[in-house]
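In: Curious how this folds, go ahead:
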Amino acid sequence: MRNWVYWKFTDGGKRQSRDRSTYDFALACFLIEQGRTDEQILAVLQRKSEKATARRDAERYLKMTIAKARQRKG
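Out: Numbers count the residues shown, from 1 in each chain. Got it, this is the predicted structure:
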């Protein structure tokens, strides 16, 4: 699923970088399309995000990622 989510939400995989934050953003976009709430998305990202587990400000980072994904998805 990771590759599919990345491909679907990063312009068909056209972006060259496949970094952890790009995946987090793509996953947030996918969950938004599924109709999930911010709290549900946060819970999923807290479990799945490799980048968040390495950060002291993990919750802040994830909330910003969700906000940016919501902005993109409209």
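In: How about residues contacting stretch 45-54?
Out: By C-beta atoms under 8 Å, 6 or more residues apart in numbering, the surrounding residues in contact with stretch 45-54 are 20-21, 24, 27-28, 58-59, 61-62, 65-66. C-beta here means a position set from N, CA and C on the backbone, and glycine is covered the same way.
In: got a winner among the residues you listed for most neighbours?
Out: Taking other C-beta atoms under 10 Å to define a neighbour, the member of these with the most is A28, carrying 28 neighbours.
In: mind checking the SS state of the residue nearest to it when sequence neighbours are not counted?
Out: If you skip the residues right next to it in sequence, A28 has A69 as its closest partner in space, 3.7 Å away by C-beta to C-beta, 6 or more residues apart in numbering. At A69, secondary structure determined by DSSP: H, G, I helix; E, B strand; the rest coil is helix.
In: thinking A69 is in contact with E33, fair?
Out: No. Contact status for A69 versus E33: not in contact, 9.8 Å apart, counting by C-beta atoms under 8 Å.
In: which residues sit in contact with T65?
Out: Contacts for T65 (C-beta under 8 Å, 6+ apart) come out as 21, 24-25, 28, 45.
In: what's the answer for L42, then?
Out: When contacts are counted by C-beta under 8 Å, 6+ apart, L42 touches 59, 62-63, 66.
In: now those residues in CSV, with pLDDT and distance to D38?
Out: Output for the contacts of L42, formatted as CSV (pLDDT from 0 to 100; distance: C-beta to C-beta, whole Å):
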residue, pLDDT, distance to D38
E59, 95, 12
L62, 97, 10
K63, 97, 8
I66, 97, 5
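In: Tell me how far the residue nearest to A28 lies from G35.
Out: To G35, A69 is 13 Å away according to C-beta to C-beta, to the nearest Å.
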